[in-house]
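Trainee: just the structure for this:
(chains A and B)
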Amino acid sequence: MRLLVVEDDPVLLRSLAATFREENYAVDTASDGEDGFYKAKENAYDAIILDVMLPGLDGWQVLSKLRQTSHTPVLMLTARDTIPDRIKGLDHGADDYLTKPFDTDELLARIRALIRRAVRQTNPVIEIGPLNINTTARRVALDKEEIQLTAREYALLEYLALHRGEVVSRTTLYDHLFAEDDNTFSNLLDVHVSNLRRKLGHDIISTRRGHGYCIE
Amino acid sequence: MIFPLHSIRWRIQAWHGLILFFAIGAFCLTAHRLAWDNQLRQVDNELERTMGRNLFRLLSRERKDSANADPPPTSPAEFFARLRAGKIKITDEVAAIFHGTETGYAYFRIDDTISKETLLSSDNFPKEFNWTLPENNPALSEPIEAFRIREQCREFAHASPNGINVFVGRDISAEMESLNRYAWSIALCGIGVWALGLLGGWWLAGRAIRPVQKISTTAARIADGNLSERIDLDGTENELDQLSRILNSTFERLHNAFERQRQFTADASHELRTPVTILLSETQRALKRERTPEEYRAIIETCNGTAQRMRHLIEALLLLARQETEDTGAHSESCDLAQILDDVQRHLVPIATDRNIQLHAELKNAAMKGNPTAISILATNLLANAITHHHPNDKEKNIYISTGSDDDGTFFTIRDDGPGIPEQDLPHIFERFYRADKARTGNSGHTGLGLAIAKVIADNHGADISVQSLPGKGSVFSVHFRKKLI
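Mentor: Okay, here's the model as predicted:
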């Protein structure tokens, strides 16, 4: 899962990015509205964390410009906590709203919920045959037996499971699993897929030649 | 409506009613009195001229008609002599006038004061008649005449110098009756006018009070928290309009002060939210898993920096709050701007040198009265502002500090050749938490309050603080302390 964090306070930006990275998200950052809008438009993110008070374009402007083309879930962060502010945030097309200061766990839970909602998967536990993926605890069990996966393997599996039945292209997978500053080689994806197949069984991920991967 | 006695309208009405009551009462009484006097004058005329004279005429005419009559008296003296002799009797003609006791009846009696006898009296002359006239003075040529009211009769007494007293009376119950009716009608009219006056007064008092009620309802709405509410002015410039104007400007000032306070609290809590968020985010991240000492160290350093930032902010807020309530007069003492500025620049030289900035001071003595601690904060804030807004990686930069005095008072200026301030930001730079560059500068201790504090201190000293800036060329801040007129 790939996130964009737009926040003008450099310390908070660093801290949020570190928090999300430790939760195995691919994270891009932007410290002003214009940069944030540009990145949000150019890249495919699973969710955007957007601060309201930004130099240049403020959060509202970024949101309304973004909403003309994109449906990426947006969580607004703001220091204003009056009811009209919250209503304004939601009415401007924000999917969720969090007032500073907040608890990290709550922020993480809201981001998970946003990502699930965006793919119409409301249950945090995904069952595919004998496979059981708990997206909250980030645990995978096959026939009730827990399987140890690396962060990338888990992210790949989760993304495919959330988009179950769809053929997901390699580019899309790259876009959603790696941040812009991740230096990865294209064959890394094949390595992760083959590792997953080794751990979970060969049938779990099918390859569509020239199209991508799919979980039936 | 509140309790009647507390309402101005009711009080006006009560006083108005009372005054109107007395005025109408006095008017009615006067009218009644005049009518009564008029009535009496008519009765008196009748008594005196018609009855008194007629009586003598009729009595003296008597002689003519009788067969064995003496010739009519040729003079009043002869008439009185005959009267004393008992030769004059009441005739039918006289009896026709003076008889009975029906409404309007008349009666008479003629007394001799010398013999103290009644010479002649009508049949109906009242029994309880008691009127002592003053003793007749023969030397007096003029007769004494008097009127009085006894029971329901008007009586007339005529005492001639020769000792004959004539009393004529007439029943005036009819006149009294009619006067009574007149009195009642006047009283009814008076009450009617009074009632109309009361109604008019009530209406007038209501009209006079209406603007006050308007003011009070508006003030009540404002008291309920609707601070943007104002009293409608009718533009008539009358007393109430002026009051409304004064109240409106008071409300305006209160509203602004309240709004500033609210904005300040909102801004302060807003500014504190971000560092608290950082602290929570960093500490919760740290607690999520085991880390290497280096990672812990990094997190603790971030927390420390953030806490420092909060400390700066809180100190600045406290300083601002203290300066706002400061009474400069209490701490005013003689000081020299040159000395204060010299101390300030000495303190800031290390920071300036770190950023590759040269401080040039040209300090001329400028003695003034003020609070040296506050002025030192003011100068520090302006100088620190000039230093921090230089881009640190620029080539060597300069800041020029100067002090001096002129006819108006003393001044100091701080001029830099930094990036300058964009024109659209100039009007706002002294506002709290206003940041020309918008971006927060993290842990630099830059709170967005420095210039606001400088402004408050300058205001406290009655000093002008002004800024000129050319983007790309630099800015000049100057503070001018005016000489106090003593």
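Trainee: domains of chain A?
Mentor: Using automatic domain parsing, the domain ranges for chain A come out as A:2-118, A:125-214.
Trainee: out of these, nearest to chain B?
Mentor: Smallest distance to chain B across the domains of chain A (C-beta to the nearest C-beta): 3.3 Å, for domain A:2-118. Yep, even glycine has a C-beta here, placed from its N, CA and C like the rest.
Trainee: residue 213 - how many residues pack around it?
Mentor: Picking chain A for this. For A:Tyr213, the neighbour count with other C-beta atoms under 10 Å in any protein chain shown is 23.
Trainee: wait, I meant chain B there
Mentor: A total of 12 residues lie near B:Gln213 under the criterion other C-beta under 10 Å.
Trainee: still on that earlier bit, redo the domains of chain A as JSON lines? Include distance to chain B and mean pLDDT.
Mentor: Formatted as JSON lines, the domains of chain A follow (distance: least, C-beta to the nearest C-beta, whole Å; pLDDT from 0 to 100):
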{"stretch": "domain A:2-118", "distance to chain B": "3", "mean pLDDT": "88"}
{"stretch": "domain A:125-214", "distance to chain B": "13", "mean pLDDT": "83"}
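Trainee: return the most buried member of those domains.
Mentor: Neighbour counts (mean count of other C-beta atoms under 10 Å in any protein chain shown) averaged over each of these peak at domain A:2-118, with a mean of 19.
Trainee: endpoints of that one, how far apart?
Mentor: Terminal residues of domain A:2-118 lie 13 Å apart, using C-alpha to C-alpha, to the nearest Å.
Trainee: same thing with stretch B:458-467?
Mentor: End-to-end for stretch B:458-467, by C-alpha to C-alpha: 13 Å.
Trainee: and it, what's buried?
Mentor: By neighbour count on 16 or more other C-beta atoms under 10 Å in any protein chain shown, the buried set for stretch B:458-467 is B:458, B:460-461, B:463, B:465, B:467.
Trainee: okay, and which of those residues map to strands?
Mentor: B:465, B:467 (DSSP state E).
Trainee: the buried residues of stretch B:458-467: which two are farthest apart?
Mentor: Farthest-apart pair in those is B:Asn460 and B:Val467; separation 18.5 Å (C-beta to C-beta).
Trainee: and of the domains of chain A, who's closest to B:Gln284?
Mentor: With respect to B:Gln284, and counting by C-beta to C-beta, the nearest of those is domain A:2-118 at 4.0 Å.
Trainee: next one: that closest one to chain centre, how far?
Mentor: Domain A:2-118 sits 11 Å away from the centroid of its parent chain (C-alpha atoms, centre = their mean, to the nearest Å).
Trainee: ok, now stretch B:171-186?
Mentor: 50 Å.
Trainee: so which bits of it are buried?
Mentor: The neighbour-count check on stretch B:171-186 (16+ other C-beta under 10 Å) flags B:171-172, B:175-176, B:179, B:183, B:186 as buried.
Trainee: show me what it is in contact with.
Mentor: With contact meaning C-beta atoms under 8 Å, 6 or more residues apart in numbering or on different chains, stretch B:171-186 is reached by B:28, B:31-32, B:35-36, B:39, B:43, B:101-106, B:149, B:152-154.
Trainee: next step: the residues you listed restricted to helices.
Mentor: If you go by DSSP state H, the contacts of stretch B:171-186 have B:28, B:31-32, B:35-36, B:39, B:43 in helices.
Trainee: how much space between A:Glu158 and A:Ser70?
Mentor: For A:Glu158, the distance to A:Ser70 (C-beta to C-beta, to the nearest Å) stands at 22 Å.
Trainee: what's the neighbour count on B:Thr353?
Mentor: If we define neighbours as other C-beta under 10 Å, then B:Thr353 has 11 of them.
Trainee: let me redo that: B:Gly206
Mentor: Neighbour count of B:Gly206, defined by other C-beta under 10 Å: 13.
Trainee: that one should be in a strand, yeah?
Mentor: No: counting by DSSP: H, G, I helix; E, B strand; the rest coil, B:Gly206 is not found in a strand; it is helix.
Trainee: show me where the stretch 101-250 of chain B has helices.
Mentor: B:173-223, B:239-288 (DSSP state H, counting those that start in this stretch).
Trainee: go through those helices and pick out the most buried.
Mentor: Buried most deeply of the helices of the stretch 101-250 of chain B, by mean count of other C-beta under 10 Å, is helix B:239-288, with a mean of 16.
Trainee: which SSE is immediately downstream of that one?
Mentor: For helix B:239-288, the succeeding helix or strand toward the C-terminus, using DSSP states H and E, is helix B:293-325.
Trainee: if you count contacts, what does that following helix end up packed against?
Mentor: Packed against helix B:293-325 by the contact rule (3 or more C-beta pairs under 8 Å, 6 or more residues apart in numbering or on different chains; DSSP states H and E) you find helix A:10-22, helix B:239-288, helix B:372-388, helix B:450-460.
Trainee: if we go to 7 Å?
Mentor: helix A:10-22, helix B:239-288, helix B:450-460 (3 or more C-beta pairs under 7 Å, 6 or more residues apart in numbering or on different chains; DSSP states H and E).
Trainee: looking at chain B, which helix or strand is least sure?
Mentor: Using mean pLDDT, DSSP states H and E, helix B:328-331 stands out as the lowest-scoring helix or strand of chain B, at a mean of 62.
Trainee: so how far is the very next helix or strand once past that helix from its chain's centroid?
Mentor: Note on helix B:328-331: by DSSP H and E, the next helix or strand toward the C-terminus is strand B:333-336. Offset of strand B:333-336 from its chain centre (C-alpha atoms, centre = their mean): 47 Å.
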